[in-house]
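[1] I need the structure of the sequence given here:
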Amino acid sequence: VKVSREKAEESKIEIKTAGSGIIKTTIDVIGEITLDPEQVVHVVSRASGIVRNVHKKLGDTVEVNEKLAYLESAELAEEKMKYLRLQKELESSEVSLKRSQTIFNNTSKLLVLLKTTPNLQELHQKIEGLYLGKSGSELVSFYLEFLLAQERYQRESTLHKEKISKYEDLLKEERIYKKTQSNYWIQHDKVSFSIQRDVIQKEQKLALLKLDIQTSNNHLNILGVSSSRLLQLSEETESYEKLSKIELLAPMAGTIIEKHLTQGEILQEESVPFVIANLDQVWVKLNIYQKDLPKIALHQKVQIKSDLASLQAEGKIARLSALVKEETRTVTAYIPLDSLERQWKPGMFISAQIILQEDSCPIVVSTEALQTLENNTVIFVFSNDKFEMRSVEIGKSDGNWIEIKSGISVGEEYAAKNSFILKADIKKAEAEHQH
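    Got it, this is the predicted structure:
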């Protein structure tokens, strides 16, 4: 068929050049675009509260730690006030324990000193400047009474021996002496026990307070108050507004795909006011029929296409579901796909080809170039402003390209798209010739 290149272009006959290529063995499947489950976060309110301000709308793009909304929470305010109260009690208990430890140390020195039975002058010299507390001071008083009674008794004994005083006076001083001695030792043992008990009780109280503070600290951490913020909290006078304020922050950068709160409503604990997704990467979910499973493996290439959106992409199978769906008898294959321009939208239906094998062939042509005439597979080779019909031996095909084993050489041009026009011209010429 004699046709110039310009005439071929006018007839919309596409001319291509034969050459080497790759024939792909594929399986056609369908699927959809979904969110990457690893790139979706639920923003949770850790305490109940009243929504006072909402900063973001559905569809807004947010950065990490960007403010989404502000709540007023009585629960949070109560826990912060409890924490502050415990901190004040801790400071007071530490001062009290330190005081008791000082009394314990000084009174212990006093008890050691009293074992030596010092006189009044020695006693005052040794304990001067020591803080003994109430019980230690009382012990000193009992000891002084004991010393005075002992001194009177010894004097009365001397006088009685010298026949100066009556025996009744001696008995009286003896009773007083023994009574003050008994009272002193009772007080001695009481003080020895009480100063130890006081220190132990205050150490236990301090330990329990620290445990309560740690529990309150942990609770506030759960409610979203950091330990560094708690340090600031203990150092400042907080208003109720500050104590009750909860700021909902974006835990990651992305797009708000769900929003479930309005200003003025009461948000319950563990509710999910926002869902944020990173739409820069999505998943392709493909449905693989049970009969095709033996051919499917991880890391196989997949060509993905959306005819409605005129989109094409290529990916690899990253994951296969472990179970077959009962309803459809299919297994789901997951392919991660970049969507930096948000072109692949979750919910979009797609078609795909899973590439099972790729064969390199010396000569391939477009499948639409082949025509059938008188039970022969032919191709129209273009040379010197004419198309020559040649019979060809064909091999593998992937639907787009087909292997040519003989009939055309590398570098030769051929009619590809709309080659049926040339076939029609030949049949028309044959019919005219018969008439």
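[2] Every contact and neighbour count from this point should use C-alpha atoms.
    Fine.
[3] And residue 141, its phi and psi?
    The phi/psi pair for residue 141 (degrees, to the nearest 10) reads phi -60, psi -40.
[4] Do a quick rundown of the helices in this structure.
    Using DSSP state H, the helices of the chain run over residues 5-10, 74-114, 120-127, 133-161, 167-222, 227-233, 240-244, 420-434.
[5] What separation do you get for the residue in the chain sticking out farthest from the centre and residue 157?
    What lies farthest from the middle of the chain is residue 163; by Cα atoms, centre = their mean that is 97.7 Å. Residue 163 is 10 Å from residue 157, where distance means Cα to Cα, to the nearest Å.
[6] where does the stretch 201-350 of the chain dip in pLDDT?
    Within the stretch 201-350 of the chain, the ranges that satisfy pLDDT under 70 run 234-238.
[7] mind listing the strands for it?
    Remark: strands assigned in the stretch 201-350 of the chain by DSSP state E, counting those that start in this stretch are 245-249, 254-259, 266-267, 274-277, 281-289, 301-306, 311-316, 319-320, 330-338, 349-366.
[8] Of all those, which one is nearest residue 40?
    strand 274-277 (4.3 Å; Cα to Cα).
[9] residues in contact with the closest one?
    Residues from elsewhere that reach strand 274-277 (Cα atoms under 8 Å, 6 or more residues apart in numbering): 35, 39-44, 250, 252-260.
[10] Using ChimeraX, define a selection of the buried residues within the residues you listed.
    Buried members of the contacts of strand 274-277, defined by 16 or more other Cα atoms under 10 Å, are picked up in ChimeraX with:
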select :35,39,40,41,43,44,250,252,253,254,255,256,257,258,259
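[11] Tell me the pLDDT of residue 123.
    Residue 123 is assigned a pLDDT of 89 by the prediction.
[12] that older thread, save the helices of the chain as JSON lines, and put in mean neighbour count too.
    Formatted as JSON lines, these follow (neighbours: other Cα atoms under 10 Å):
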{"stretch": "helix 5-10", "mean neighbour count": "14"}
{"stretch": "helix 74-114", "mean neighbour count": "17"}
{"stretch": "helix 120-127", "mean neighbour count": "12"}
{"stretch": "helix 133-161", "mean neighbour count": "18"}
{"stretch": "helix 167-222", "mean neighbour count": "16"}
{"stretch": "helix 227-233", "mean neighbour count": "12"}
{"stretch": "helix 240-244", "mean neighbour count": "16"}
{"stretch": "helix 420-434", "mean neighbour count": "13"}
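[13] Buried residues in stretch 312-331, which are they?
    314-317, 320, 330-331.
[14] between the residues you listed, which is nearest residue 103?
    Set against residue 103, the nearest of these by Cα to Cα is residue 320 (73.4 Å).
[15] still on that earlier bit, please produce a markdown table containing the buried residues of stretch 312-331, extended by distance to residue 285.
    Below are the buried residues of stretch 312-331 laid out as a markdown table (distance: Cα to Cα, whole Å):
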| residue | distance to residue 285 |
| --- | --- |
| 314 | 14 |
| 315 | 12 |
| 316 | 12 |
| 317 | 10 |
| 320 | 10 |
| 330 | 11 |
| 331 | 10 |
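[16] Show me which pair in the residues you listed is furthest apart.
    Using Cα to Cα, the pair of these lying farthest apart is 314 and 330, separated by 21.9 Å.
[17] Hmm, residue 57 is touching residue 259, no?
    Yes. With contact defined as Cα atoms under 8 Å, residue 57 counts as touching residue 259 (7.3 Å).
[18] Ramachandran angles for residue 340?
    In terms of degrees, to the nearest 10, the main-chain angles of residue 340 are phi -60, psi -30.
[19] wait, what's in contact with the nearest residue to it once chain neighbours are set aside?
    Spatial nearest neighbour of residue 340, excluding adjacent residues (Cα to Cα, 6 or more residues apart in numbering): residue 280 at 4.5 Å. Counting by Cα under 8 Å, 6+ apart, residue 280 touches 338-342.
[20] Next one: residue 280 relative to residue 336, how far apart?
    Remark: distance between residue 280 and residue 336 (Cα to Cα) = 11 Å.
[21] Please name the bridge partners of residue 267.
    For residue 267, the beta-bridge partners are residue 49 (DSSP bridges).
[22] For burial, what's the neighbour tally of it?
    23 (other Cα atoms under 10 Å).
[23] So it sits against residue 52, correct?
    No. If you go by Cα under 8 Å, residue 267 and residue 52 don't touch, sitting 10.5 Å apart.
[24] residues contacting the residue lying closest to residue 399 once chain neighbours are set aside?
    Excluding the flanking residues, the one nearest residue 399 by Cα to Cα, 6+ apart is residue 367, at 6.6 Å. Contacts for residue 367 (Cα under 8 Å, 6+ apart) come out as 397, 399-402, 416.
[25] how does it look with 6 Å?
    By Cα atoms under 6 Å, 6 or more residues apart in numbering, the contact list for residue 367 reads 400-402.
[26] ok, of those, which come out buried?
    401-402.
[27] if we can go back for a sec, any figure for the gap between the residue nearest to residue 340 and residue 343?
    For residue 280, the distance to residue 343 (Cα to Cα) stands at 9 Å.
[28] what residues are up against the residue lying closest to residue 320 once chain neighbours are set aside?
    Nearest non-adjacent residue to residue 320, counting by Cα to Cα, 6+ apart: residue 333, 4.6 Å away. Residues in contact with residue 333 (Cα under 6 Å, 6+ apart) are 285-286, 319-320.
[29] again, only this time at 8 Å
    Residue 333 is in contact with 284-288, 317-321, counting by Cα under 8 Å, 6+ apart.
[30] Out of the contacts of residue 367, which is nearest to residue 16?
    Nearest to residue 16 among the contacts of residue 367 is residue 401, at 12.2 Å by Cα to Cα.
[31] Show the pLDDT at that closest one.
    At residue 401, the model reports a pLDDT of 93.
[32] Repeat that for the one 4 residues further on.
    Turning to residue 405, the model gives it a pLDDT of 94.
[33] and the gap between it and residue 426?
    For residue 405, the distance to residue 426 (Cα to Cα) stands at 25 Å.
[34] cool, residue 78 as well?
    Remark: distance between residue 78 and residue 426 (Cα to Cα) = 93 Å.
[35] again with residue 332
    50 Å.
[36] What residues does the closest residue to residue 415 other than its chain neighbours make contact with?
    Of all residues not flanking residue 415 in the chain, residue 15 sits nearest, at 4.7 Å (Cα to Cα, 6+ apart). Neighbour list for residue 15: 382, 413-417 [criterion: Cα under 8 Å, 6+ apart].
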